[in-house]
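A.B. asks: Curious how this folds, go ahead:
(2 chains)
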There are 2 protein chains.
Amino acid sequence: MAQYSPYTSLLKPDLQQMLQEGDSAGLSEFCNALYAGVVAEVLEELDAESAWRVLSECSPQRQAEILPFFSLPYQIQLVDHVDRKALSRIIEEMSPDDRVDLLERLDPDHVESLLPLIAQAERSDIRKLLSYPDDSAGAIMTTEYASLPVNITAEEALRRLRIQAPSRETIYYIYITDEGRHLIGFLSLRKLIQASPRTELSDLVERDVISVRVDDDQEFVANEIARFDFIAIPVVDNQNRLVGIVTHDDAADVLLEEAAEDAQLAAAVAPLEDAYLETSLFTLTWKRGVWLVILLAAASLTAFVLSIFEDQEAGNWMVLFIPLVLASGGNAGSQSATLVIRALALNETEGKVGLIARRDFQVGMILGSVLGAISLAVALWLVEPQQAAVVASTVFLVVTMGTVSGALLPIGLAKLGMDPALMSGPLIAALSDVVGVVIYYNIARLALT
Amino acid sequence: MAQYSPYTSLLKPDLQQMLQEGDSAGLSEFCNALYAGVVAEVLEELDAESAWRVLSECSPQRQAEILPFFSLPYQIQLVDHVDRKALSRIIEEMSPDDRVDLLERLDPDHVESLLPLIAQAERSDIRKLLSYPDDSAGAIMTTEYASLPVNITAEEALRRLRIQAPSRETIYYIYITDEGRHLIGFLSLRKLIQASPRTELSDLVERDVISVRVDDDQEFVANEIARFDFIAIPVVDNQNRLVGIVTHDDAADVLLEEAAEDAQLAAAVAPLEDAYLETSLFTLTWKRGVWLVILLAAASLTAFVLSIFEDQEAGNWMVLFIPLVLASGGNAGSQSATLVIRALALNETEGKVGLIARRDFQVGMILGSVLGAISLAVALWLVEPQQAAVVASTVFLVVTMGTVSGALLPIGLAKLGMDPALMSGPLIAALSDVVGVVIYYNIARLALT
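C.D. replies: Residues are numbered from 1 along each chain as shown, chains lettered A, B, ... in the order given. Coordinates of the predicted model:
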């Protein structure tokens, strides 16, 4: 379980008093003395207008440091209270990736009215970053990386790095490029400060550099950073020219975002862009409703299939176990789907479809036997032994089939180039319901006539 | 979708040939020239015995660098092929957090036989780290942090840091402590190299340092690192003495691990410790079976409830819509549960239970109306209008109730101090099945008699 940070409750009352008394000096100290993330956490408890009154007591540089720590919906509320001139200054000072996150969410007319107030160099950088597709490396990278030529000494490198430092997102990884900006290697600051001053960078540089392409998917990029424990990864274009870096903190955000997206898809919710309580009721209803309607359509199919069989059979006792039989198959299937979707995301399934099918068949047979035996015991309380045997055999079959199909359907979707997480637990349950009814009534017919 | 790394397919054939020819020089170059994470990726494609034959061509330092990049189950297979003396050397060279991860998984007798071969200082460090509870900050931290006293100059600090550098996990954050090891602040290497050589550290140090306690939960620690974009966070004991740091890469692993755990719980699977394909069939069956049996017990309840109502009612037509009615309620409930469990994990619900209940009631009413209307249309194909109205009203009620209870049950679990993720989609569906049957038959009785 997560824990609650102590800052907010401690600092909020002081802050409200300073606001009431118009204590500029106090507000300015509050903005400047604490860690930017803590300032944002406390301010987000206030309404956006009051938060801006506090922030307007500090410099645009400091405002630009604090702003990215607010949630995006709150950032958007906040900038509504800032006049265009002040806002353009903050945007100039923000790091390229953070400002593009914000600008992408603002009304396009608003963005167009802001851009002319922003310095030329920043403006063209913004336009370029805005042009990369959502969820690509280009969309999450920053262009403020540290880079050096290969033919200088360690001493000279440190001197140049001190000049670059204030405007770079990180200086702990330094990228080595040629005159054409082609990436030829990298160097950690740790290695640089340990080297003797006269060493040439060409003797220090690590040439086996792992990079990603600007159009690579953000989840792939985040996984590469996590896999190799990098602080940052370089992003190159098709000509291997360095165009940016993605840093570890942005990768962590992507991992969290993708995990939330997968969890929502698994429960048949179209992924939310914002936090749960910040999503409007309309959006929330829409993103849930779309899937519920699809699932209802699948469930209707079960009603039609049942209507065919019901006519042929007298067995009223069968009704009692319809929910039990169908739920068992659906639950087994959504378990398999969840495990395989995760394995697909981590690239563990490559070339192992046969193995997965075999394993899930074995697991399904065991689970089916256990659940079948328990169902038999339960059913004997309510119906005749022969009828109970029908229930048990059906549970055995639907659990085995649910387990195997729950594992194979996501792999099938992935092979078709679709997101395997679309094969959610509820969808697998709905499909297995239809098959379950057919199995149930056919076993009954065979056994009891 | 994730993408497949090109290294493995390119390098594996070369490697196999070198192994066949016993080409020591080639194998040693392979081990040393590439990035450690890449070496591990390629080697993991071989069986553990061959992988160790390759690794034995390089130094213990290098082996210790490469080992943590293997998955833990593979590490355990691998060390089976290493004699105790060589293994104790590797363990000495590994970073404290990585070696504790490995040792925790090894047979305790094996660990006890290794420890006497390990140097005294390392040994007591290992015993201490092994003593922290699983999933705590203490269990994932490393004791190899960079620290300096406050009363030296920037120049002297850099000199001392160069000496510390080779044995520290990161030197990019430097922790400032007093003689009693109490944490009094921190300093980034970026700030240090920008400072003029004569500046005293006391003028550079950031005293508003955010730290965690050694017994804090690992998920809390990982969220703090992600929230504040840190490279590392200091870990202190009850007397505010610095005992270790948790670095961003370990935090990312925790985030991934917790996300996988939540996804598995949401689909009613007891969390797996290893990757899907590395989990034994027995474990897999057990971790799924436990939950399936619990769910089957809940579904049996539905059979008993149905048996009470079936006696009283003649309505055979009602059977057709049992799966549809029950699935609608269950799906709506598991959607709510997923969204609220996520919001709980991110601390978004604090003091907002009333708001959540109200929002989910509204969303439930809208979704219930839409699904009720569609069910009416579907049912009119199969049954009489009055009967179709019974189906539609039931769908409306079960969806509304499922939505609200799916949101509130996880919050209730959390208030009881339990993991809200235990209130999985399938469990909510099973509970809502029982209530659904009662609602369905009662509405039919009221409407049709």
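A.B. asks: Just give the nearest non-adjacent residue to A:Ser369, would you?
C.D. replies: Spatial nearest neighbour of A:Ser369, chain neighbours left out: A:Phe396 (6.3 Å); criterion: CB to CB, 6 or more residues apart in numbering or on different chains. Yep, even glycine has a C-beta here, placed from its N, CA and C like the rest.
A.B. asks: do the same with A:Leu27
C.D. replies: That would be A:Glu57: by CB to CB, 6+ apart, it lies 4.3 Å from A:Leu27.
A.B. asks: Could you pull up phi and psi at that neighbour?
C.D. replies: Dihedral angles of A:Glu57 (phi, psi; degrees, to the nearest 10) stand at phi -80, psi 0.
A.B. asks: Around it, count how many other residues there are.
C.D. replies: One way to gauge burial is a neighbour count; for A:Glu57, by other CB atoms under 10 Å in any protein chain shown, it gives 19.
A.B. asks: who's in contact with it?
C.D. replies: A:Ser24, A:Leu27, A:Ser28, A:Cys31 (CB atoms under 8 Å, 6 or more residues apart in numbering or on different chains).
A.B. asks: which of those count as buried?
C.D. replies: Buried subset of those (neighbour count, 16 or more other CB atoms under 10 Å in any protein chain shown): A:Leu27, A:Ser28, A:Cys31.
A.B. asks: min pLDDT across these, which one?
C.D. replies: Here the lowest pLDDT out of these sits on A:Cys31, with 87.
A.B. asks: Give me the spatial nearest neighbour of that residue, chain neighbours excluded.
C.D. replies: In this structure, A:Cys31 finds its nearest non-sequential neighbour in A:Cys58, 3.8 Å apart by CB to CB, 6+ apart.
A.B. asks: Now do the SS call for that neighbour.
C.D. replies: coil (DSSP: H, G, I helix; E, B strand; the rest coil).
A.B. asks: For burial, what's the neighbour tally of it?
C.D. replies: Residues within reach of A:Cys58, counting by other CB under 10 Å, total 18.
A.B. asks: pLDDT score for it?
C.D. replies: Value for A:Cys58, per-residue pLDDT: 90.
A.B. asks: That one touches A:Ala33, doesn't it?
C.D. replies: No. Under the criterion of CB atoms under 8 Å, A:Cys58 is not in contact with A:Ala33, lying 10.4 Å apart.
A.B. asks: Parallel or antiparallel, list what pairs with the longest strand along chain A.
C.D. replies: When every strand of chain A is counted residue by residue (DSSP state E), the longest turns out to be strand A:170-177. The strands that strand A:170-177 pairs with in its sheet are strand A:145-148 (parallel), strand A:183-188 (antiparallel) (by DSSP bridges).
A.B. asks: The strand or helix carrying A:Glu112 - contacts with which helices or strands?
C.D. replies: Using DSSP states H and E, A:Glu112 sits within helix A:108-114. Helices and strands touching helix A:108-114, as assessed by 3 or more CB pairs under 8 Å, 6 or more residues apart in numbering or on different chains; DSSP states H and E, comprise helix A:84-93.
A.B. asks: List the buried residues for the helix it packs on?
C.D. replies: For helix A:84-93, the buried set under the neighbour-count rule, 16+ other CB under 10 Å, comprises A:Ala86, A:Leu87, A:Ser88, A:Arg89, A:Ile90, A:Ile91, A:Glu92, A:Glu93.
A.B. asks: Against chain B, how distant is A:Met423?
C.D. replies: When CB to the nearest CB, to the nearest Å is the yardstick, A:Met423 and chain B sit 12 Å from each other.
A.B. asks: tally of neighbours for the closest residue to A:Ile76 other than its chain neighbours?
C.D. replies: Here the nearest residue to A:Ile76 in space, its sequence neighbours aside, is A:Arg105; by CB to CB, 6+ apart that works out to 5.7 Å. Using other CB under 10 Å, A:Arg105 has 15 neighbouring residues.
A.B. asks: if I pick A:Arg105, what's in contact with it?
C.D. replies: With contacts taken as CB under 8 Å, 6+ apart, A:Arg105 has the following neighbours: A:Leu72, A:Gln75, A:Ile76.
A.B. asks: what's the closest of those to chain B?
C.D. replies: Distance to chain B across those (CB to the nearest CB) is lowest for A:Leu72, with 13.9 Å.
A.B. asks: what sits against that closest one?
C.D. replies: For A:Leu72, the residues meeting the contact criterion (CB under 8 Å, 6+ apart) are A:Asp101, A:Leu102, A:Arg105, A:Asp274.
A.B. asks: With A:Ser136 instead?
C.D. replies: Under the criterion of CB under 8 Å, 6+ apart, the contact list for A:Ser136 reads A:Val214, A:Asp215, A:Asp216, A:Asp217, A:Gln218.
A.B. asks: what comes up buried for the helix or strand of chain A with the lowest mean pLDDT?
C.D. replies: The weakest-scoring helix or strand in chain A, judged by mean pLDDT, DSSP states H and E, is helix A:281-312 (a mean of 77). By neighbour count on 16+ other CB under 10 Å, the buried set for helix A:281-312 is A:284-285, A:287-289, A:291-292, A:295-296, A:298-303, A:305-307, A:309-310.
A.B. asks: from the chain's centre, how far out does the next helix or strand along the chain from that helix sit?
C.D. replies: If you walk from helix A:281-312 toward the C-terminus, the next helix or strand you reach (DSSP H and E) is helix A:322-345. For helix A:322-345, the distance from its own C-alpha centre to the chain's C-alpha centre is 22 Å (CA atoms, centre = their mean, to the nearest Å).
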